[in-house]
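>>> dropping the sequence and predicted coords here.
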Amino acid sequence: MTAANIEYHDAAGNPTTPEKATQVWFRCPRRAGPCGPLLLAGRNPGIKRDPQNKNGGRAQWDISGAVGRETLTPSVNCGRCWHGYIRNGRCVTTGNIDEPEPKR
C-alpha cells in the first residue's frame, strides 16, 4: 500500500505545522516525487472555492484525521499521472483499492 506521506506547507510553500498549513503535498503513487499543492479549504482567504477550477476560483480540499492518517475530500486528480483518494493516510484508487508502492 502507498502511504500518502502528507507534507504541510504555508502559502509561500515553506514547511509548517498542520494547524498553520494552507496547503499540502503528498507522495504520488505513480511516480517517485510529490504532487501538489492541494489548497486546504477554509485556510486560504480571498481564494474562491471552485472544485472544478472553472468558475474563477481554485479547487480546495477538506482534511481530517491525525497526522499520518489524514483523509482528503474530494478525490485528487493531479491530471498528469493519478486520480484517486487519500484516505486514512494512504492512496487508494477510485475503486477504493490500495495503490501499490511506486516503482523506484
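In hand now; what should we look at? All values reported here derive from a predicted model rather than from experimental measurement.
>>> and the gap between the residue nearest the centre of the chain and residue 92?
For the chain, the residue nearest the mean C-alpha position is residue 38 (5.0 Å; C-alpha atoms, centre = their mean). Distance from residue 38 to residue 92, counting by C-beta to C-beta, to the nearest Å: 16 Å. Just so you know, the C-beta spots here come from the backbone N, C-alpha and C atoms, and that holds for glycine as well.
>>> in this protein, which spans are strands?
For the chain, the strands defined by DSSP state E occupy 2-3, 7-9, 23-27, 34-40, 60-64, 71-77, 83-87, 90-93.
>>> I'd like the ones you listed as JSON lines, with mean pLDDT and distance to residue 52 appended.
Output for the strands of the chain, formatted as JSON lines (pLDDT from 0 to 100; distance: least, C-beta to C-beta, whole Å):
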{"stretch": "strand 2-3", "mean pLDDT": "90", "distance to residue 52": "26"}
{"stretch": "strand 7-9", "mean pLDDT": "97", "distance to residue 52": "23"}
{"stretch": "strand 23-27", "mean pLDDT": "95", "distance to residue 52": "19"}
{"stretch": "strand 34-40", "mean pLDDT": "93", "distance to residue 52": "14"}
{"stretch": "strand 60-64", "mean pLDDT": "96", "distance to residue 52": "12"}
{"stretch": "strand 71-77", "mean pLDDT": "94", "distance to residue 52": "10"}
{"stretch": "strand 83-87", "mean pLDDT": "95", "distance to residue 52": "14"}
{"stretch": "strand 90-93", "mean pLDDT": "94", "distance to residue 52": "21"}
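>>> and of these, who's closest to residue 100?
Among those, the nearest to residue 100 by C-beta to C-beta is strand 2-3 (6.7 Å).
>>> good, wrapping up.
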